[in-house]
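Q: pasting the sequence and the predicted coordinates here, then a few questions.
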Amino acid sequence: MSDIAIDAPPAGPLTEAVDRVSALYSYLEFRIGLPDEDAWWRVADLADAGLLAGWLDEVEAHFGERRVAGSYMSNWLLRVLAGLWAVPVLAAERLPLSGLDDVAVRRNPGGWFDGAALGREAAGALPGDPALACPDTVAFTGRAALLDALVERLSGLEPVILALREACPVGLNALWGIVADSVANQALEIARLTGRDQEAAWRDVEAIIDRLAALQPRLRARPRAFPVSVGPVIHLFEVRGTCCLYYRTVENPDRDGEGYCETCPLRTDESRPPRLRALLDG
């Protein structure tokens, strides 16, 4: 038997990025390869308003109000869809090059979405990234080009968003706003978990949303950054541009107390800091 060591091939650029994401997110299974299982759906197939309306009927049976059910389903789905492309960029500066027909999401029996899959390793990366030594990896000229390419893929979600609008009592402005809110939430969450400069992460958010709004004029509701101090350290959170309507499921909701999410645009700013500090402590 030979004693010559054989170097293992380098991990694919997206395998490494997906591993990083999986270490950060406990509620989302991120994988390479499209699963052949009933719970997984190719994203291209979600541009079917009839399919989405059937799912909405199931969610409505739980919430008892179609508008709330539509907001719940749209928020879950668009967060995962935006994350298919945005999260690898935000966590590893690598963009999956797959299109809608080569990515999939998993629908949980409870009506939410808890899985994301990329069909192939093809990716774009920045100059100097070791991933450029891997097959099917292309170099972007710089960070601006990387964000441009990311936004093209986010804008490419339009067929699914139009199907959601047809199936759900949620307007196009709100649906595109959910995409923007999702990117903002993911960028700041990843920055907090990885120790990245949160102000730099927010600059990325603004650059992404500016580009996306230029392609999708119905994106009008934008998140804003909200600083919270913990001793000498400032943490950034988003205040969403859209409301998920959770408060409609709560009896006697209080904008200063219970019934509104910490990042809800309807909550008072004065009531946010202690609740957000509690989230950081958790």
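A: Structure received. Quantities reported herein were computed from a predicted structural model and do not represent experimental measurements.

Q: which SSE is the spatially most central residue of the chain in?
A: Geometric centre of the chain, nearest residue: residue 83, 3.3 Å, by CA atoms, centre = their mean. Remark: residue 83 resides in helix 66-92, with elements defined by DSSP states H and E.

Q: now do that helix, average pLDDT.
A: Predicted confidence along helix 66-92 averages 96 (mean pLDDT).

Q: just the buried positions in that helix, please.
A: Buried residues in helix 66-92, counted by 16 or more other CB atoms under 10 Å: 68-92. All C-beta atoms are positioned from the backbone trio N, CA, C, and that covers glycine.

Q: chain center to that helix, what's the gap?
A: Its chain's C-alpha centre and that of helix 66-92 lie 5 Å apart, by CA atoms, centre = their mean, to the nearest Å.

Q: same check, this time on stretch 23-37
A: For stretch 23-37, the distance to the chain centre is 13 Å (CA atoms, centre = their mean).

Q: go through it and flag the buried ones.
A: 24-25, 28, 30-32, 34.

Q: low-confidence stretches in this protein?
A: Within the chain, the stretches with pLDDT under 70 are 1-11, 282.

Q: quick one: the helices in it?
A: Here the chain has its helices, by DSSP state H, at 13-24, 49-63, 66-92, 143-155, 158-167, 172-194, 198-215, 272-281.

Q: for residue 176, see how far away residue 213 is.
A: Between residue 213 and residue 176 the distance, using CB to CB, to the nearest Å, works out to 8 Å.

Q: same thing with residue 120?
A: Per CB to CB, residue 120 is found 27 Å from residue 176.

Q: who's more crowded, these two?
A: When residue 120 and residue 176 are compared for neighbours, residue 176 comes out ahead with 28 against 16, by other CB atoms under 10 Å.

Q: which residue packs closest to that one, ignoring adjacent ones?
A: residue 219 (3.9 Å; CB to CB, 6 or more residues apart in numbering).

Q: burial check on that neighbour, number of neighbours?
A: Neighbour tally, residue 219, other CB under 10 Å: 23.

Q: ok, now residue 243?
A: Residue 243 has 20 nearby residues by other CB under 10 Å.

Q: can you pull the phi/psi pair for it?
A: Here is the backbone geometry of residue 243 (degrees, to the nearest 10): phi -100, psi 140.

Q: surely it and residue 259 touch.
A: No: using CB atoms under 8 Å, residue 243 is not in contact with residue 259, being 11.8 Å away.

Q: the nearest residue to residue 101 once chain neighbours are set aside and residue 119: what is the separation?
A: In space, not counting the residues next to it along the chain, residue 101 is nearest to residue 44; the distance is 4.2 Å by CB to CB, 6+ apart. From residue 44 across to residue 119, the span is 11 Å (CB to CB).

Q: picking up where we left off before, and of the buried residues of stretch 23-37, the nearest to residue 233?
A: residue 24 (19.8 Å; CB to CB).

Q: that closest one reaches residue 190, doesn't it?
A: Yes: counting by CB under 8 Å, residue 24 does reach residue 190; the two are 6.4 Å apart.

Q: quick check: neighbours shared by those two?
A: Common contacts of residue 24 and residue 190 (CB atoms under 8 Å, 6 or more residues apart in numbering): residue 91.

Q: sorry, back to before: overlap in contacts of residue 213 and residue 176?
A: Joint contacts of residue 213 and residue 176 (CB under 8 Å, 6+ apart) are 219-220.

Q: quick check: beta-bridge partners of the closest residue to residue 22 other than its chain neighbours?
A: Nearest residue to residue 22 in three dimensions, chain neighbours excluded: residue 30, at 5.3 Å (CB to CB, 6+ apart). Beta bridges link residue 30 to residue 116, judged by DSSP bridges.

Q: circling back: quick check: the residue nearest to residue 101 vs residue 234, distance?
A: Relative to residue 234, residue 44 is positioned 42 Å away (CB to CB).

Q: then residue 130?
A: Residue 130 is 33 Å from residue 234, by CB to CB.

Q: do the same with residue 102
A: On the measure of CB to CB, residue 102 and residue 234 end up 40 Å apart.

Q: the residue nearest to residue 101 reaches residue 100, doesn't it?
A: Yes: the pair residue 44 / residue 100 is scored as a contact, 4.2 Å apart, by CB under 8 Å.

Q: next, count neighbours for the closest residue to residue 199 other than its chain neighbours.
A: In this structure, residue 199 finds its nearest non-sequential neighbour in residue 236, 6.9 Å apart by CB to CB, 6+ apart. Per other CB under 10 Å, the neighbour tally for residue 236 reads 19.
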